[in-house]
Structures are given as structure tokens and as C-alpha cells.
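Asks: Any chance you can model this:
(2 chains)
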Amino acid sequence: MYIVIVGGGDVGLSLTRLLQEEKHEVVLVEKDPTRFARLSDELGESVIMGDGADLGTLLDMGANRADVLVAATGTDQDNLVICQLAKLIYLIPRTIAVVNDPKNEELFSSLGVDATVSSTGIIASLIEEKIDAGMAIPLLAFKEGGVEIFKSQLSKESSLIDRKISKLKLPKDCIIIAALRGNEVIIPRGDTRFREGDTIIMLIRKERKEAFKRLFLEAV
Amino acid sequence: MKVVILGCSRVGAMLATELAKNGNEVAVIDSEESSFTRLPKDAEVKRILGMGVEHDVLRKAGIEEADVFLALTNSDNTNLTAAQLVKHTFKVPRVAIRVYDVQRSKAFEGLHLDIICPTVDTVERFKEFLKSEES
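Replies: Residues are numbered from 1 along each chain as shown, chains lettered A, B, ... in the order given. Modelled structure (predicted):
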């Protein structure tokens, strides 16, 4: 794959190294001359000096050939414009933006950025994981349909344990996809009984999640 | 009209002052306190200190009731981002921005953003001057 990364900061540089190790063709774009000089010592021709939002720069580095563009500058505004130009002018199939303010994630997706990464958002959910030990830990969120997959380890207070699934009155838009018990993966059927300590993996509509937690995971 | 202007630049300040004089309700956002000195002290303009790409700051400036939003910072990318944010999330009916970079302004015009490119305008004005000198 040919990948263009804009922004030679920590994220951009680490990503470049990682992708090159995996034998992808990578071009890193950095606009600060001092940083560029240091980067070119290590990366040679894989780094070019320029502004990723400047169309001349994008053209010079063959952006129209790129499979993926990653905007990893320190500024959300710059990352958005870079990704939009990549799509508008160069029709790059996949654009990824690093987003510092999690509130911008939704806007960026609506404006055509294929994927956004907000480390603040990720860290916040990791912190939540610490506090809510055993509670609903998000695994994956889908834009389509507002659904989410999360995991939760069942405590002894959970009303899901020690009863046949067919007897549990689970809401229609929640699906328990699997349960992990030690090394075992259980695909639930009507007569499956969950036990304390099982980790269930669920697909649920985002807005039903809190109600589900209250009713089935926490002490009644 | 309720107007929110992002960027108390020379253009931003001048526009804000005139609009306020004509009886419009005007708020100006800027991330630097010193920029507000461009406004005359008696200008009836609400001054909001903060980043115009942040939801809270825009709300403080009254974006939810705004009829018009103008992005006039010195950063093309900030103006482009703020304009799209304001149109998409706050649904402000009329949005116009200044973009200096000629290629960028052309690229984003396709997205139905009202863009004023001073570079192009200024070049045109000088070309007119040069034409008139010849005759």
C-alpha cells in the first residue's frame, strides 16, 4: 500500500516506522524545517518538506496514487482540511484524521473523513474501564444504526446469571453474541446459563445501554 | 440580524463595528485578548475570548440564534473548519469565510461554502490598474 502521512510529530513518525517495517510505501510530510531536517536524517527520501494542506505539496508527492492518507498534525482544523482536500482533489480512497477534541469526531465523519482517532476518547474509556471494573466496556461502535458492541464481566449481582437465557426477558434490540468463560467461548442458545465471572459480549443500540446495565448487570 | 464573527482581525473588527452601528446584534470571537483593541471602545459588540472551533465558545457568542456567521481569522484552515462546523452542527443559514490560498478556496467552493479570496480579488484589482495605465 502507498500511504501518505501528514505531520511529523510523535504520532506521524511512529506510524511511519511501523508501516515501513510492514513493508508499505510511506511518505511523511512535515512543514517545519528544523523538524524536517531531523526526520530526513532517519527517513531519507521517505520524508518531504511541505504543507499537507497545500495542493502543490500533495501533487509533488504523488498523492493521487495513495491508498490511504493519515492527517496527524497537532491541530484538528488542519487535519480536517487535509483530509477533505485529499478526498476532493485526489480521490484518495481512505482518509484518517487524528482528532484532539473528541467533540469533533462526529463532524469530521459527516464531512467525509473515513476514520477518526481521538486518543482523548480512548483514554477516557480506559479510565472508565478502571473505575467501572466489570461494567460495560465498549469494544466497537458503528456509525450505522447507532449500535455498539461491548463486553462485561458478570458479577454476582447480575440478573443474567444462573438462569436459562430463554427465561430472561431480554429487550429485542440487545443481542448477546457470545460469552467467554475461561478459555471457552460459548455461543448462547435458549438453554445456556451464564455464571458469575463469565464475560458476555453484546450488541446493543447506544441509547439502550444504560437501561440494560441498570436492569441486568447491576444489583437490583 | 444576529451576526457572529470569528476573528477580530482588521477586517473582522471593521465589519463588526459597522454592522453594530447599523443596529445588528454582533458578537466577535478571538483567541487573543489583544485583538479586541482593534474595536473602538464604545462599539456595541459582544467580545468572546476563545477558540472559534469549540462548541462552548460558539454557544457563548450566540451561534444558536445567529443569522450569519463570518470566519475571518488569519488561518484558512480554521476558517474552513469553523464554517463547516457552524453549518453542519448549528445550522446557521448564512455563512461566509475568507480563504487566502487560491487553490484551497477553489477546492472548497465546490462544497457550497461562500468563500471570499482576497488574493484573487487583489490580483484582479491590480490587473485593472495595469490595463488602465496602458490606455
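
Asks: Can you give the contact residues for stretch B:86-96?
Replies: A:107, A:110-111, B:4, B:55, B:58, B:63-64, B:66-71, B:83, B:113-116 (CB atoms under 8 Å, 6 or more residues apart in numbering or on different chains). Backbone N, C-alpha and C define where each C-beta goes, glycine included.

Asks: sorry, that was for stretch B:54-73
Replies: So stretch B:54-73 is contacted by A:101, A:103, B:1-7, B:9, B:11-12, B:15, B:25, B:27-30, B:46, B:48, B:50-52, B:78-80, B:82-83, B:85-86, B:89-90, B:92-98 (CB under 8 Å, 6+ apart).

Asks: ok, now stretch A:108-122?
Replies: Stretch A:108-122 is contacted from outside by A:79-80, A:83-84, A:87, A:94-102, A:104-105, A:143, B:84, B:88, using CB under 8 Å, 6+ apart.

Asks: next one: stretch B:100-119
Replies: With contacts defined as CB under 8 Å, 6+ apart, stretch B:100-119 is touched by A:53-56, A:81, A:84-85, A:88-89, B:76, B:80, B:83-84, B:87, B:94-99, B:120.

Asks: how far out from the middle of the chain is that stretch?
Replies: Distance, stretch centre to chain centre, for stretch B:100-119: 13 Å (CA atoms, centre = their mean, to the nearest Å).

Asks: and the end-to-end length of it?
Replies: 6 Å (CA to CA, to the nearest Å).

Asks: buried residues in that stretch?
Replies: Across stretch B:100-119, burial judged by 16 or more other CB atoms under 10 Å in any protein chain shown covers B:D101, B:Q103, B:R104, B:S105, B:A107, B:F108, B:L113, B:I115, B:C117.

Asks: picking up where we left off before, ok, of the contacts of stretch B:86-96, which come out buried?
Replies: Buried among those (16+ other CB under 10 Å): A:107, A:111, B:4, B:58, B:63, B:66, B:68-71, B:83, B:113, B:115.

Asks: Show the model's pLDDT score for A:F150.
Replies: Looking at A:F150, its pLDDT is 83.

Asks: Return a PyMOL selection command for the buried portion of the contacts of stretch B:100-119.
Replies: Selection command for PyMOL covering only the buried members of the contacts of stretch B:100-119, criterion 16+ other CB under 10 Å:
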select buried, (chain A and resi 53+54+55+81+84+85+89) or (chain B and resi 76+80+83+84+87+95+97+98+99)
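
Asks: Of the buried ones among the contacts of stretch B:86-96, which one scores lowest on pLDDT?
Replies: Ranked by pLDDT, those bottom out at B:L113 (84).

Asks: Can you tell me how far that one is from B:A82?
Replies: Distance of B:L113 to B:A82, computed by CB to CB, to the nearest Å: 11 Å.

Asks: Now for those two: what residues contact both?
Replies: B:I97.

Asks: Give me the below-cutoff pLDDT ranges for chain A.
Replies: In the predicted model, chain A carries pLDDT under 70 at residues A:125-126, A:128-138, A:140-145, A:219-220.

Asks: Equivalent analysis for chain B, please.
Replies: Scanning chain B for pLDDT under 70 picks out B:133-135.

Asks: give me that answer again for 80
Replies: Low-confidence segments of chain B (pLDDT under 80): B:110, B:112, B:133-135.
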